[in-house]
Structures are given as C-alpha cells and as structure tokens.
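Chemist: Below: sequence and its predicted model.
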2 protein chains.
Amino acid sequence: MHSSRIISLRSSLPILDNILLSTDQGRLKISATDLELGINYWIGAKIEKDGAIAVPSRLLTEFISNIKEEKISIKVEETEVIIDGEKYNATIKGVSPEDFPTIPDISRDFLFSISSKDLLNAINQVAFAAAGDNTRPILSGIFFKIEKDVLKMAATDSYRLAEKKIKVIKSDKSSKTFIIPTRTISEVGKILKDAGEKVEVCFDENQILFNFGSIHLISRLIDGQYPNYEQIIPTEFENEVLVDKQELFNVCKVASLFARESANSIKMSIKPEKVKEGEKEKETGGILSIVGQGVQIGESISKIPVKTKGKEIEISFNAKYILDVLPNIPEKNVEIKFSGSINPCLIKGEGKQDYLYVIMPLRN
Amino acid sequence: MHSSRIISLRSSLPILDNILLSTDQGRLKISATDLELGINYWIGAKIEKDGAIAVPSRLLTEFISNIKEEKISIKVEETEVIIDGEKYNATIKGVSPEDFPTIPDISRDFLFSISSKDLLNAINQVAFAAAGDNTRPILSGIFFKIEKDVLKMAATDSYRLAEKKIKVIKSDKSSKTFIIPTRTISEVGKILKDAGEKVEVCFDENQILFNFGSIHLISRLIDGQYPNYEQIIPTEFENEVLVDKQELFNVCKVASLFARESANSIKMSIKPEKVKEGEKEKETGGILSIVGQGVQIGESISKIPVKTKGKEIEISFNAKYILDVLPNIPEKNVEIKFSGSINPCLIKGEGKQDYLYVIMPLRN
C-alpha cells in the first residue's frame, strides 16, 4: 500500500495522518497527501455502492499488512469503516471525506516516458548531491531538463555537482526545464522499486505528474531559475588519474577517520613515475597518496598505484564528497581530472560521459 | 575485533573509550572494559619487543576494518602507536597503559562447559523477559542455576517469566546459582555468534568468566537472592489450547494495533465446540478469538481454529508479552494452559518441557 508511505513527514494538519478511500469508476482509489505531494493509487475492487471515507493511515496499513487475507470487504457506515475478512473483522474510526484535502488532478501535458530502471538509477546517482538544508530552496531540488529525447538530471549544493544524462523512451520533442523537490524524488524512487517497466511524466506549469500506471504521484515544483551549472563543469585538464574505485574508496575512508577535527579535509597527491623529457604528455604509472590528519588523533598516509597523465599535483577535498559519489559509479575504475589545486575537479567512470561529478577542492 | 564492541555503553570515564593493546606471552592481547564487564582477546603475533598502549577504540577498529591489509606491524613510541601495512600507514595518539583499569583475572573454578549453539539459543529464549528498568536490580539480570549436568536459565520482570533448561557438556557436579547482568549476557550472545563449538564457564564468588578460547569475558555478578520463581509456574490447568504459532502471532499483532489506548490489553476467549455431557475432558475443536479495542480507534475481532480441552474461558493479556515469546518457540504449534482468568498462564512449544513461559493475565 504505497499511499501510506508519504505520510511520514511534516504532517502539520492531523487530517493528513489519514488516507482517503473512495470509489472511482469501478475501482477503489486510495489517496494520501501532505499538500505539497499527493499520491493516488487505484486497486481492483467489486464496488457495490459508491462512497468515501478518510481513515488513519498507519492503523489501516498495519492492519492490512498483518491480516494476510486474500480478499476483504470494506463497508462505510457514517464515519466508521468496517472491514471483514475470513478470520479478521475490524471497525476503524475515520473522518468525513469532505475534510480531506483534494489532490489536484493536473491537466496532462505529456512530456516524456522513461524506463523505470533508468530513472531509479539516475535518482540514486544524482539526488544525494542536492543541498540538505533549505537556505537556497532551489538547490534543495533536483534539476530536470528534457530536450529532444535526452533527459538531463542535475543536483548541486554549490560544493559539488552530479549530472546524469539518459535517453528517454518517448518524448513530445519540446524542450522543458523544471526543479523537483528532493522529497518528491525520494518518493518517486521508492515507488520505482516495485514499478512496471516505464513511467510517464506529465507537466503543468507548477506541477508534475509521475504516472506509474495504477499509481499517480503529483507534486508541486520548486519555483525559480536553476543556476547555469554547465559552465562550471571543467573541460580542460592539467592532470588525469585512472584509479580502482574500491581502492580509492578505502583510502579516502581511512583518511577521513583521521580528518574529524579538520571538517573532513583530506589531502590527495599524485606523483607520476619519472619520465623522460619528451614524454611528458604520455600516460604513466604513478602513486596516489591520501593523508588524513588531526592534532589530537594522529595521522594516516595511504598509497595506491594509479595510471596518470600530466604533472604532480597536491589538492584537498572534503572526504565525504568523494565517498558519496564512488558507490554510484558502476565502472570498476574511475577517472579523476584536475585543473589545478583550486579549481573544480571532475570524477567519472572510466570512458563514460553520461554521469559526471564535479567537486570543489578545499583551500589548505 | 570483538573487544571494541563493549565500549558502546556508559563510558563515564574517557579512558574507557580506549582499548589496551599489550604483548602477552608471545601473543597480542586486546582488552576493553567498562569496569563492570571486561573482555580480553588474544591474537597471534610475532612479538619483537614487549610493550603496551591504550588507544581510542573506535578509531582503531574503524581503521583496521577499513584497511583490509593481511598483515600489519604495530610499534609503540611513547604514547603513540605506529601501524604500518603495505598500503596504509598511520600514527594514532594513545594513552599510557598505566591509566587503563586492569581487568581482574579471576581464580578459575571451572563450573561447566556448554555448546555455544545451545547457550546462544537459550539466551535468545530467556533474556528478553528480564526487567528493562532498574527498580529491582535483581530482576534486570538473568538467573543461572547449574545442578548436576543441567543448566537452568530464567528471567522475569514479575509480569512474565521465561525459563530454559539445557544439558551441559561437562560440569563439576556441584550445584550453584548466580545472577548475570543482562548486558553481560547480551555481549556473550554477540561473541557466541562467531564462537567455536563450546564455551567454558568459571565462577568466583562475585565474578563470572566465559572462556571462548581466544576470548575471555569477565563480568561482575548481581548480588542478592533471586525470587523463588519456580513456585509460580502453574502445574494444574482448567483449560488447554493447541494453536498454530504463526496464526496466534498474527491475531495478537492485529489486536494490539487497536489496543494502544488501553496499554496493549487484548482479550482472548476460547470457545470449545459443543460436546456431550460425558466427554467434557476430551480434546475437541474450538475457536480462539482475540479482541483489541480503543474508544478513539475502533476495534478488531479475529478468530482462529484451535484444539482445546476444558471449558470456555475469557482472559486479558498485554499483547506485547505474547508477541515477545512466540518467535522464540521453535515448534510450529504452541500450547497455552490456563488456570482461570486471574491466575498465571503457561505457554510452551507442543509437547516440550525444556522451554516454559508464564504470563500474568490483566484484570479487566
């Protein structure tokens, strides 16, 4: 019962702790909302008489998931709902449906349809990079841009940026951009885990609809202009490194243990093997070392072999920002590309362009 | 690194956030304590020079578990420990070993040895029934009684009681009783998960030693006289029921959803099928129904078929007490035996006597 999920947060109005059960053209419709985000969920039912009632979401969900009955009958009597199964019978006190806020049905301008698997994957790769706080509401959302048959999703908290490009299944060929609240995206992600093969996305000025078939999720959009993030993605590099993803994760993790005093700042240095004068631009072997240090804690130095191109570099990062992205890169090896120690640095899977991650270095 | 586990609770003294590394007759000994409970853990090492240092437990454990090195060298320089592996090198600031409290080595009066699997199983079946608060310290512990080659373990919070009997592997034939703190038992349970086949238990007035081979756990005992619980285990019954454990769990769980207002009180009734006058004492079919009720919530009535003997009964329980025990009963069916609706009631696996559970009913 998906609808019960979105009840978890910020229900300032007690009525929002309920879900609305109503008959809808021969089916049972279950609706939940927190005013920003609404879910409608239709399930097959034999309707004997039309009606509606709002009932406590948590109680109903726990009841249904525990009784394990194949079929139940639901009857509404004034503000009570009577549920009868083979072994279980219950009367649950509800609320008049008039008190339940309606979830707007948006006029459906089809935008695109996309593979559920691709969208879920993209959400995992992008959403974590959005700003956790609300000081700049725009950055707490996920940026979507559909252009022809390519969807770009991006998120940034202004210290790091993740961008993913996916080919959609079908689009209406118009170009559109919008910003979706992180919470909506996280609910979309949860539904996608059990969803069918594709999702349809429709758009309506300040609202978005994710149509999963028997589930519709409708959300407000975040108002405003998303920063022109593309200009900060570096395109020219002084040094490049190719490194085993898991090894990089381990050394960053270890260094971060010692970096607690210094706000997670770890120092990365890359030392290429000595090469002859004329071969400076060739890829060579080298050593990546990571240092974590705390006056009261001690220090760690870890070294792993890499392939590298370009000259030596020393650069500092927030370890968390590297640890966040690595599990989301599917490739075994990652490329790190530097443009000097005070400019943004690019991380991506070996040989890939569809998923990019940019981090600002820390100043020492 | 088991030793790091016991550091989690109540370290009032900062020194107890450390673990002590020391050389001990050609092995490395790792020690942790919270003054009530101590663990010594020996691991194989090539010792070049004897020495000791106390280091922050969490940092060392996280460091070791992240570096995935096969071999490391450990060197102590004043109050720093220097760890060198192939890829990782770290210096961790520590504390002088003199500041670390010693874990008493108890004079080892062998009591009994027991199968690790049996002991872990018994801990799971008994420990949850101990009192969670400390108003009666004795009831917050687990009672042990070894007599000949049978170990009895019991726990009660005075509303319910769990008792388990196990045959030990070997015992010194003396009879002894003692009360072990729940926290000690829970640490013993954690170590048992990866322990060898058997555990040796030694005793020393007010201390107990669990010897797992390369791990020793030493704990204080709880002082005092454990209540004579055996007298409250009922032996004569007016009604008996045989019921599918999972079905009973489900109906109690559902009823408890509706019993939030009434402190989890659910009402159980057993109705035998009508039988002829002369056959009153025969086992017959019957219906067990469970009701949960809340003025503001509504109510649920669930019914499941059972086998029963004796007359009708209506009795109320704290749902939690039934839900707690059922997952710990291995048998598919459970027996519930009643001695009237205000006297303690017995629950156990079908046909078994080694694991007994007693609940006090609630008064309506």
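Modeler: Alright, I've got the coordinates.
Chemist: secondary structure class for the residue nearest to A:G294 when sequence neighbours are not counted?
Modeler: Distances taken as CB to CB, 6 or more residues apart in numbering or on different chains place A:E261 nearest to A:G294, at 3.8 Å, with adjacent residues excluded. For the C-beta atoms, the positions are set from N, CA and C on the backbone; glycine is no exception. Following DSSP: H, G, I helix; E, B strand; the rest coil, the label given to A:E261 is coil.
Chemist: Give the burial count for A:E261, as a bare number.
Modeler: A:E261 has 13 neighbours, counted by other CB atoms under 10 Å in any protein chain shown.
Chemist: do A:V251 as well
Modeler: Neighbour count for A:V251, taken as other CB under 10 Å: 29.
Chemist: how much space between it and B:D223?
Modeler: Plainly put, A:V251 is 51 Å away from B:D223 if you go by CB to CB, to the nearest Å.
Chemist: quick one on the thing from earlier: per-residue confidence for the residue nearest to A:G294?
Modeler: Model confidence at A:E261, expressed as pLDDT, equals 86.
Chemist: repeat for A:K280
Modeler: The score at A:K280 is 58. That number is its pLDDT.
Chemist: Up against chain B, what does chain A have?
Modeler: Counting by CB under 8 Å from any CB of the partner chain, the residues of chain A close to chain B are A:56, A:59, A:62-63, A:66-68, A:80, A:87-93, A:250-251, A:253-254, A:257-258, A:296-304.
Chemist: List buried residues within these.
Modeler: Among the residues of chain A next to chain B, the ones that count as buried by 16 or more other CB atoms under 10 Å in any protein chain shown are A:56, A:59, A:62-63, A:66-67, A:87-93, A:250-251, A:253-254, A:257-258, A:297-304.
Chemist: In strands only, show me those residues.
Modeler: Cross-referencing these against strands under DSSP state E gives A:56, A:88-93, A:298-304.
Chemist: In terms of distance to A:D194, which of the residues you listed ranks first?
Modeler: Using CB to CB, the shortest approach to A:D194 within those belongs to A:P56, at 23.7 Å.
Chemist: Tell me the bridge partners for that closest one.
Modeler: Beta-bridge partners recorded for A:P56 (DSSP bridges): A:N18.
Chemist: That one contacts A:N18, doesn't it?
Modeler: Yes. Here A:P56 lies in contact with A:N18, judged by CB atoms under 8 Å, at a distance of 5.8 Å.
Chemist: which residues are common contacts for those two?
Modeler: Common contacts of A:P56 and A:N18, defined by CB atoms under 8 Å, 6 or more residues apart in numbering or on different chains, comprise A:G94.
Chemist: Which secondary structure elements does the longest helix anywhere in chain A sit against?
Modeler: Criterion DSSP state H: the longest helix present in chain A is helix A:245-257. Helix A:245-257 sits against strand A:265-272, strand A:284-294, strand A:298-310, helix A:319-325, strand A:333-338, helix B:57-67, strand B:88-93, with contacts defined as 3 or more CB pairs under 8 Å, 6 or more residues apart in numbering or on different chains; DSSP states H and E.
Chemist: if we compare the ones you listed, which one ends up closest to B:E205?
Modeler: Among those, helix B:57-67 comes nearest to B:E205, with 29.3 Å by CB to CB.
Chemist: does chain A sit close to that closest one?
Modeler: Yes. Remark: helix B:57-67 sits within contact range of chain A at B:L59, B:E62, B:F63, B:N66, B:I67, by CB under 8 Å from any CB.
Chemist: Using PDB, write out every CA atom in that helix.
Modeler: What follows is the C-alpha trace of helix B:57-67 in PDB, where atoms were taken according to Å, rounded to 0.1, in the frame of the first residue of the first chain:
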ATOM      1  CA  SER B  57      38.800   2.000  20.500                       C
ATOM      2  CA  ARG B  58      36.500   3.400  17.700                       C
ATOM      3  CA  LEU B  59      39.300   4.900  15.600                       C
ATOM      4  CA  LEU B  60      41.500   1.800  15.800                       C
ATOM      5  CA  THR B  61      38.600  -0.600  15.000                       C
ATOM      6  CA  GLU B  62      37.400   1.500  12.000                       C
ATOM      7  CA  PHE B  63      41.000   1.900  10.800                       C
ATOM      8  CA  ILE B  64      41.700  -1.900  11.000                       C
ATOM      9  CA  SER B  65      38.400  -2.900   9.400                       C
ATOM     10  CA  ASN B  66      38.800  -0.500   6.500                       C
ATOM     11  CA  ILE B  67      42.400  -1.100   5.500                       C
END
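Chemist: So for that helix, mean pLDDT?
Modeler: The predicted confidence, averaged over helix B:57-67, sits at 92.
Chemist: same thing with stretch A:229-241?
Modeler: 94.
Chemist: next one: stretch A:147-162
Modeler: Mean pLDDT, taken over the full extent of stretch A:147-162, equals 96.
Chemist: Please apply the same query to stretch A:109-128.
Modeler: When pLDDT is averaged over stretch A:109-128, the result is 96.
Chemist: Same question for stretch A:187-203.
Modeler: In this model, stretch A:187-203 has an average pLDDT of 94.
Chemist: Name the residues of it that come out as buried.
Modeler: For stretch A:187-203, the buried set under the neighbour-count rule, 16+ other CB under 10 Å, comprises A:187-192, A:195, A:198-203.
Chemist: what residues are up against the residue sitting nearest the centre point of chain A?
Modeler: Computing the C-alpha centroid of chain A and ranking residues by CA atoms, centre = their mean puts A:A127 first, at 3.1 Å. When contacts are counted by CB under 8 Å, 6+ apart, A:A127 touches A:I142, A:A155, A:T182, A:I185, A:S186, A:G189.
Chemist: Greatest separation within those residues: which pair is it?
Modeler: The largest distance within these, taken as CB to CB, falls between A:A155 and A:G189 and amounts to 13.1 Å.
Chemist: wait, doesn't A:A131 sit right on A:L139?
Modeler: Yes. Taking CB under 8 Å as the definition, A:A131 is a contact partner of A:L139 at 3.9 Å.
Chemist: Of these two, give the one with the bigger neighbour count.
Modeler: Applying other CB under 10 Å to A:A131 and A:L139 shows that A:L139 carries more neighbours, namely 23 against 18.
Chemist: For the more buried one, which three-state class applies?
Modeler: When classified by three-state DSSP, A:L139 comes out as helix.
Chemist: Tell me what the nearest residue to A:I169 once chain neighbours are set aside is bridged to.
Modeler: Sequence neighbours aside, A:S113 is the residue nearest to A:I169 in space, at 4.7 Å (criterion: CB to CB, 6+ apart). Listed beta-bridge partners, A:S113: A:K170, A:E200 (assigned using DSSP bridges).
Chemist: Now do A:S113 against A:D172, distance only.
Modeler: To A:D172, A:S113 is 10 Å away according to CB to CB.
Chemist: who's more crowded, the two?
Modeler: Applying other CB under 10 Å to A:S113 and A:D172 shows that A:S113 carries more neighbours, namely 19 against 14.
Chemist: ok, A:V254 touching B:G85?
Modeler: No. Here A:V254 does not reach B:G85: they are 10.2 Å apart, not a contact under CB under 8 Å.
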